[in-house]
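In: Provided below are the primary sequence and the corresponding predicted coordinates.
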Amino acid sequence: MGKISDELYAKACAVMPGGVNSPVRAFKAVGGGPLFIKQGQGSRMVDADDRSFIDYCMSWGVLILGHAHPFVVEALKKAVVKGLSYGAPTAAETELAEAVAAAFPSVEKVRLTPSGTEAVMSAVRLARAHTGRDLVVKVDGGYHGHGDQLLVQSGSGVLTFGLPGTPGIPAGVTQQTLSIPYNDTQALRELAARHGEGVAAFIVEPVMGNAGVIPPEPEYLATLRSLCDQMGALLIFDEVITGFRLAYGGAQESYGVRADLTTLGKILGGGLPLAAYGGRREIMDQIAPEGPVYQAGTHAGNPLAVAAGLATLKVVKNAQTYEQLEERGQALESGMREIAGRYEVPLQINRVGSMFTFFFTAGPVRDLASAQKANTKMFTRFFNLMLEGGVYLPPSQFEAGFISLAHSTKDLEDTLDAADRALKTVAREFEFGPYR
Ligand code: KE4
């Protein structure tokens, strides 16, 4: 795709597994080698070959403000000259924890961690300690980081690679993990009937993002809430993607269902490594050093990441944010729908606010099984045609795309122009509509 990127990729592969530091970046699902990025600005990234792309990956949902937002950069410049890491508490961490608690009524206390994986691992350990039970339930296609216990039937990179979990995890670890289909209330009821008293926690992305975007069907989250209450299990909402994305109070605000524990990340760190988990005092006070449940980290609450997170939340909290993101999401969705209809390309668009996936299937896509009916060859062709057209989508059919506040009306128009050319080619090559 790019001469210099190809050279950089060859060098990277000689010294890093797959030439990347996270598998989905390798473009394995869409062929060719990854683009090496040298700069991001607003809605755009520039690759090593000096080509500019409208970016809808946005660092996998991190950059709700777009790349290098001036207010965030300014906050970092002020923080960095004071020091990079103290390994000691700072007032800013308290300010960020207070902002999270104010945004999420179900959260009274917060612990900051460097990654979403660590936030999820810790929340699961806490739920097991709090309930005295071992079983953890997730949904097929749910991805909650690369912690051993939840890498079963996972989404994101695991799904893309078709890894049924992964080697290196002792059977005993995942024997305490159950996975059932998303959006299936019958499966929920059977779970409660068969395993109810053994379940410590049910963890779910309230809007799935890691099988591609799959919204909850009406009443699914409410049913899940009441069944967790019946079972005496904790409901963990993994809002690493949806937190501050769908609303300032995440999916809990959008759908009006409260979790017992919430994990957050991505947007919360403003582009730097920062995540969190939180919940009611009676649960969180079991975390060391207040309580006996151990969890720790050198870079937890890092002052630069906290500064970037605080600056980001200050900008996002603006009332118009989510209206603007919804407007842009609607414009992109309706434009895509019109183009796909014109060429009669089967395209199921799942969108919630500013997160979306274009599934190459007639749909509906309501769970992992229906997502996997998507034609990944068509997605791959579409992805690469869009790249040639200057649009950088997430490099996998089973990931979410993201619109930021930096995406302009012109960006959306240019995106739809590229999509018109791309879908016309897809229709011709796969013989749809006028090319049947
Ligand atoms: P991190 O450990 O990557 O910070 O967070 C793990 C995580 C937890 N929960 C949810 C819902 C997530 O989506 C993630 C991470 N998302 C993936 C992309 N879908 C990160 C990209 C990558 O792995 O490189």
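Out: Arrived safely, thanks for sending. Residues are numbered from 1 along each chain as shown.

In: list the contacts for whatever residue of the chain ends up closest to the ligand?
Out: Closest residue of the chain to the ligand, CB to the nearest ligand atom: Gly116 (2.4 Å). Glycine gets a C-beta too; all of them are placed from N, C-alpha and C. By CB atoms under 8 Å, 6 or more residues apart in numbering, the contact set of Gly116 is 144-145, 238, 240, 263-266, 275.

In: ok, and which of the residues you listed reach the ligand?
Out: Within the set of those, contact with the ligand (CB under 6 Å from any ligand atom) is found for 144-145, 238, 240, 265, 275.

In: Now do the buried residues in stretch 323-341.
Out: 325-326, 328-329, 331-332, 335-336, 339-340 (16 or more other CB atoms under 10 Å).

In: Can you tell me which residues in this structure are near the ligand?
Out: 22, 24, 60, 115-117, 120, 143-145, 156-157, 205, 209-210, 238, 240-241, 265, 275, 399.

In: Give me the buried entries from those.
Out: Buried among those (16+ other CB under 10 Å): 24, 60, 115-117, 120, 143-145, 156-157, 205, 209-210, 238, 240-241, 265, 275, 399.

In: ok, Asp285 touching Lys109?
Out: Yes - using CB atoms under 8 Å, Asp285 is in contact with Lys109, at 6.9 Å.

In: Comparing these two, which residue is more hemmed in?
Out: Lys109 (18 against 12; other CB atoms under 10 Å).

In: Now for the nearest residue to that one once chain neighbours are set aside: which residues touch it?
Out: Closest residue to Lys109 apart from its sequence neighbours, by CB to CB, 6 or more residues apart in numbering: Met284 at 3.7 Å. Neighbour list for Met284: 108-111, 126, 278, 290 [criterion: CB under 8 Å, 6+ apart].

In: in the protein, which segments are predicted with low confidence?
Out: Along the chain, segments meeting pLDDT under 70 span 153-165.

In: and the nearest residue to Gly66 once chain neighbours are set aside, what is it in contact with?
Out: The shortest distance from Gly66 to any non-neighbouring residue, by CB to CB, 6+ apart, is to Ala406 (2.4 Å). Contacts for Ala406 (CB under 8 Å, 6+ apart) come out as 42-43, 63, 65-67, 69.

In: could you redo the last one with a cut-off of 10 Å?
Out: Contacts of Ala406 were listed using CB atoms under 10 Å, 6 or more residues apart in numbering, and they are 40-44, 54-55, 58, 63-69.

In: Determine which two of the ones next to the ligand among the contacts of Gly116 are furthest apart.
Out: Maximum pairwise distance among those (CB to CB): 11.4 Å, between His144 and Ala275.

In: what touches both of the two?
Out: What both His144 and Ala275 touch, as defined by CB under 10 Å, 6+ apart, is the set 116-117, 119-120, 240, 263.

In: And the strands in the stretch 51-200 of the chain, which stretches?
Out: Ranges of strands in the stretch 51-200 of the chain, per DSSP state E, counting those that start in this stretch, are 52-55, 109-113, 135-139, 177-180, 199-204.

In: neighbouring strands for the last one, and are they parallel or not?
Out: As defined by DSSP bridges, the strand partners of strand 199-204 come to strand 135-139 (parallel), strand 234-238 (parallel).

In: Tell me the helix or strand right after the last one.
Out: Heading C-terminal from strand 234-238, the first helix or strand you meet, by DSSP states H and E, is helix 250-255.

In: Just list the residues touching Phe71, thanks.
Out: The contact partners of Phe71, by CB under 10 Å, 6+ apart, come to 65, 270, 311-312, 314-315.

In: How much space separates it from Pro273?
Out: Shown here: Phe71 relative to Pro273, a distance of 20 Å by CB to CB, to the nearest Å.

In: again, but for Glu399
Out: 20 Å.

In: Equivalent analysis for Val107, please.
Out: 20 Å.

In: Among these two, which residue is more densely surrounded?
Out: Val107 (25 against 18).

In: That one reaches Ala123, doesn't it?
Out: No - if you go by CB atoms under 10 Å, Val107 and Ala123 don't touch, sitting 11.4 Å apart.

In: which residues are in contact with both of these two?
Out: What both Val107 and Ala123 touch, as defined by CB under 10 Å, 6+ apart, is the set 259, 261-262, 276-279, 284.

In: Gly278 falls within a strand, correct?
Out: Yes - looking at Gly278 with DSSP: H, G, I helix; E, B strand; the rest coil, it is inside a strand.

In: State the number of residues packed around Pro34.
Out: Counted with other CB under 10 Å, Pro34 comes out at 23.

In: Tyr322 now?
Out: Tyr322, neighbours per other CB under 10 Å, totals 19.

In: just Pro206 next, same as before
Out: 27.

In: Where does it fall, secondary structure wise?
Out: Counting by DSSP H and E, Pro206 is part of no helix or strand.

In: for it, what are its contacts?
Out: So Pro206 contacts 215-216, 220-221, 224, 235, 237-239, 241-243, 246, 250-252, 254-255, 257, 259, 262, 352 (CB under 10 Å, 6+ apart).

In: Phi and psi next, for the residue nearest to the spatial centre of the chain.
Out: Taking CA atoms, centre = their mean, the centroid of the chain lies closest to Ile241, which sits 3.6 Å from it. Phi and psi for Ile241, reported as degrees, to the nearest 10, are phi -90, psi -50.

In: distance of the closest residue to it other than its chain neighbours from Tyr182?
Out: Distances taken as CB to CB, 6+ apart put Gly209 closest to Ile241, at 4.2 Å, once the chain neighbours are dropped. Counting by CB to CB, the separation of Gly209 from Tyr182 is 12 Å.

In: ok now the strand or helix carrying Asp414, how far from the chain's centre?
Out: Element membership for Asp414 (DSSP H and E) is helix 409-430. Between the centre of helix 409-430 and the centre of its chain there are 25 Å (CA atoms, centre = their mean, to the nearest Å).

In: One more: stretch 193-201?
Out: The answer for stretch 193-201 is 27 Å, by CA atoms, centre = their mean.

In: Would you reformat the buried residues of stretch 323-341 as CSV and include secondary structure?
Out: Shown next, in CSV, are these (three-state DSSP):
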residue, secondary structure
Leu325, helix
Glu326, helix
Arg328, helix
Gly329, helix
Ala331, helix
Leu332, helix
Gly335, helix
Met336, helix
Ile339, helix
Ala340, helix
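
In: thinking Tyr392 is in contact with Asp55, fair?
Out: Yes - Tyr392 lies in contact with Asp55 (CB under 10 Å); the separation is 4.8 Å.

In: Name the residues contacting each of these two.
Out: 37, 44-45, 401.

In: Out of these, grab the one that's most surrounded.
Out: Gly401 leads these on contacts (other CB under 10 Å) with 23 neighbours.
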